[in-house]
Each structure stands twice: as structure tokens, then as C-alpha cells.
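1. Dropping a prediction and its sequence here:
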Amino acid sequence: MPDNHQPSIHPHSHSHAGPEYPTQPPNLKTIDVNLHGTLYTTKLAFHTFIKQNGSQGPSPSQQDTSLTLIGSGAAFLDCPRGVQYQSTKWGIRGIMHALRRTAHYHGSRVNMISPW
């Protein structure tokens, strides 16, 4: 007798559940919150910093502004089975590195704290 059993597609099934299950798109909520949210916040912060202090080199008349990004130990260490989370935290570390050498033109500092 042939096996007519079709595997059910549960909405929370893993994309690596096996060859009998169709591949599911990954859930990207972690990337949307951790990385996209940080990029939006950073853009808004620097918009405000530039509006407040201008964009012409550092000067004593500029107010001190600072952006502190939230990282994680995952931005420095290998974390098995945490691909999306770890990649977002590495991305936040990349944002900090990309901005820290030029932020002073707006009277700003960029830092990242990474709780272990």
C-alpha cells in the first residue's frame, strides 16, 4: 500500500526540518528590530546632531552630542545557532566603526556598549 501521508506544514516548522518539508523563508524579525531599527535610530540621531551643531568641522560652540549603540558579546564572539542575532550585533559594531571617525565633525561621539 503506498504511503499517502503528506507532512503538515506547521507555521513554526524549521526550515531545516528535513527533505520532506519545503524550505520556508527565514523569520527576519530579529534583523528588522536589531539592525534596521538601529540604522533608523542612527539616521535620526545624526539628523538631529547636524541640525543642532551644523556640519562644519568641530568647534567650541558645538554642543556635545553622543550616540550609544547597544551591542552584545555576540559582536565579538562566535555564538553557535544564533546566526541572525550575531550578524545583527556585528552589524551594529560595523555602524559604530563606520561613524566614529567622522562623528566629531558634528560635535558628536559614537560608542557601543556590549554586555556579556
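-> Yes, it's here. Numbers count the residues shown, from 1 in each chain.
2. ok now do the residue nearest in space to the middle of the chain, which residues does it touch?
-> What sits nearest the mean C-alpha location of the chain, by CA atoms, centre = their mean, is L35, with 2.2 Å. Taking CB atoms under 8 Å, 6 or more residues apart in numbering as the criterion, L35 is in contact with S87, T88, G91, I92. C-beta here means a position set from N, CA and C on the backbone, and glycine is covered the same way.
3. Just give me the closest of those to F49.
-> The closest of the contacts of L35 to F49 turns out to be I92 (CB to CB; 18.2 Å).
4. Was I right to think the closest one contacts H36?
-> No: in this structure, I92 is not within contact of H36 by CB atoms under 8 Å, at 11.1 Å.
5. ok, back up a step: let me know the secondary structure of the residue nearest to the centre of the chain.
-> Here L35 takes the helix state, with states given by DSSP: H, G, I helix; E, B strand; the rest coil.
6. And it, how close does it get to P60?
-> Between L35 and P60 the computed distance is 36 Å (CB to CB, to the nearest Å).
7. what does S72 give?
-> 36 Å.
8. higher neighbour count, the two?
-> Neighbours were counted for S72 and for P60 using other CB atoms under 10 Å; S72 has more, 22 against 5.
9. Please tell me how far the nearest residue to that one once chain neighbours are set aside sits from S108.
-> Of all residues not flanking S72 in the chain, K89 sits nearest, at 4.4 Å (CB to CB, 6 or more residues apart in numbering). When distance is defined by CB to CB, K89 is 22 Å away from S108.
10. for R81, same thing?
-> Taking CB to CB, one finds R81 at 36 Å from S108.
11. Settle it for me: which of the two has more neighbours?
-> Shown here are R81 and S108; by other CB under 10 Å, S108 has more neighbours (24 against 6).
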